[in-house]
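Undergrad: Fold the following and give me the result.
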Amino acid sequence: MKAWRLRMAEGSLELEDVPEPQLRPGSVIVRVDAALVVGYLREYAAGELTSYNPPPGTFTPGTSGLGVIEDIGPDVYSLRRGQRVLLTGHYTSAENVPEPAQALLGITASPESVPVLETWRDGTFAEQVVVPVSTVTPVPEELAGFDSGVLAAATRCLVPYGGFVRGRLQPGETVVVNGATGGFGSAGVHVARAMGARTVIAAGRNARALARLAALDRVTTVPLTGDVAADADALRRAAGGPVDMALDMIGGAATPYSTQAVLDSLGREGRLVLMGSMTAPLPIDYTALMMTGREIIGNFMYRADAPARLLALVAAGLLDLTAIPISHRPLAELPAAMDEAAAPDAPLVVVGGAGR
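TA: Numbering: from 1, shown residues only. Got it, this is the predicted structure:
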């Protein structure tokens, strides 16, 4: 079969002929129809993301996507051949320990969980992939007519969905999404609406992306200026008062100003969930945090039941994946897909299958 192979030490990414994957305990083999291309993939492949811990040696990158089960292991009892499934790439070991190992297969793991990537080395930028069953979720029958690229958008929505669940978002609440003009942030705007938020304030700097989000029902946009006090005031005015919850999806920010503004926009006992990749320290006003009862919650990815619950929102007509712009390319066009995904205001980019 064909698969992209990354030699991190050499900065080499090549499409090669490789043996088909082999089943192992607790696994299925999936034919990949659409694999998500993240915006940071080119920097990752070049070894520029030094906080990441990739699999050792040569491997196939790629985390999530959409495909069809080709074969199942002897200890797989509920999944079946020919079943359409969502691949999430977020793996957590089933060991009964306080902090089980977890990883993003085909991308990275925390230092103590790197051995996971020695067992499950390869990701989704291939015609087929062998994956642990815990990273596979069947697509409901109601979604059988959906295009694979469109359904793959669910994998992007999963990250903000995990943040909203962690932050205890309730129907009728007012939500700020910081970094709403990025890929995961814009998906978070759609997810917040699907989960019943009364008002979603999309905060960011990309005017064109904000204009697109402003056309959505129950969405108000706030262009950020970098002035903490002014931005916090603008967020509160857009919300019509204090904000109930905020999801921070800011990517690669070198300053904390937008996150500080979002924190300051929260009302009493408001919750801020951090899921972005800001590189600067976040100053905290100890007294203000104590007096307001605000919460700052760090969160990585999502719970094990999140993919099924998110697909249920799609099946119920609450989450419209077709509202997320998609670009679907053949697997062989991964380098061009990487450039497209990294561009400002990029669509959700996937590769695999017949493409478009």
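Undergrad: Just the buried residues of the strand ranked longest in the chain, please?
TA: Looking across the chain with DSSP state E, the single longest strand is strand 27-37. By neighbour count on 16 or more other C-beta atoms under 10 Å, the buried set for strand 27-37 is 27-37. (Each C-beta comes from the backbone N, C-alpha and C, glycine too.)
Undergrad: what does stretch 185-195 give?
TA: 185-195.
Undergrad: cool, stretch 296-307 as well?
TA: 296-297, 299, 301-302, 306-307.
Undergrad: and if you look at stretch 192-208?
TA: Buried-residue list, stretch 192-208, by 16+ other C-beta under 10 Å: 192-195, 197-206.
Undergrad: now do the same end-to-end measure for that stretch.
TA: Start and end residues of stretch 192-208 are separated by 21 Å (C-alpha to C-alpha, to the nearest Å).
Undergrad: again, but for stretch 122-131
TA: Terminal residues of stretch 122-131 are spaced 9 Å apart (C-alpha to C-alpha).
Undergrad: So for it, mean pLDDT?
TA: For stretch 122-131, mean pLDDT is 98.
Undergrad: quick one: the helices in the stretch 1-150 of the chain?
TA: Secondary structure of the stretch 1-150 of the chain by DSSP state H, counting those that start in this stretch: the helices cover 41-45, 114-119, 148-166.
Undergrad: Report all helices and strands that the second one contacts.
TA: With contacts taken as 3 or more C-beta pairs under 8 Å, 6 or more residues apart in numbering; DSSP states H and E, helix 114-119 sits against strand 102-104, strand 108-109.
Undergrad: hmm, 10 Å instead?
TA: Judged by 3 or more C-beta pairs under 10 Å, 6 or more residues apart in numbering; DSSP states H and E, helix 114-119 is in contact with strand 90-92, strand 102-104, strand 108-109.
Undergrad: in that helix, what counts as buried?
TA: 114, 116-117.
Undergrad: What of the first one?
TA: Neighbour-count burial for helix 41-45, with 16+ other C-beta under 10 Å as criterion, is recorded at 41-42, 44-45.
Undergrad: would you turn those residues into TSV with pLDDT and distance to residue 79?
TA: Shown next, in TSV, are these (pLDDT from 0 to 100; distance: C-beta to C-beta, whole Å):
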residue	pLDDT	distance to residue 79
41	95	28
42	94	34
44	95	30
45	95	31
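Undergrad: right, and the helices of the stretch 1-150 of the chain - which one's nearest residue 137?
TA: helix 148-166 (9.1 Å; C-beta to C-beta).
Undergrad: Off-centre distance for the helix or strand following the closest one?
TA: Later in the chain than helix 148-166, the nearest helix or strand by DSSP states H and E is strand 174-178. A distance of 17 Å separates the centroid of the chain from that of strand 174-178, by C-alpha atoms, centre = their mean, to the nearest Å.
Undergrad: do stretch 94-101 as well
TA: Mean-position distance between stretch 94-101 and its chain equals 23 Å (C-alpha atoms, centre = their mean).
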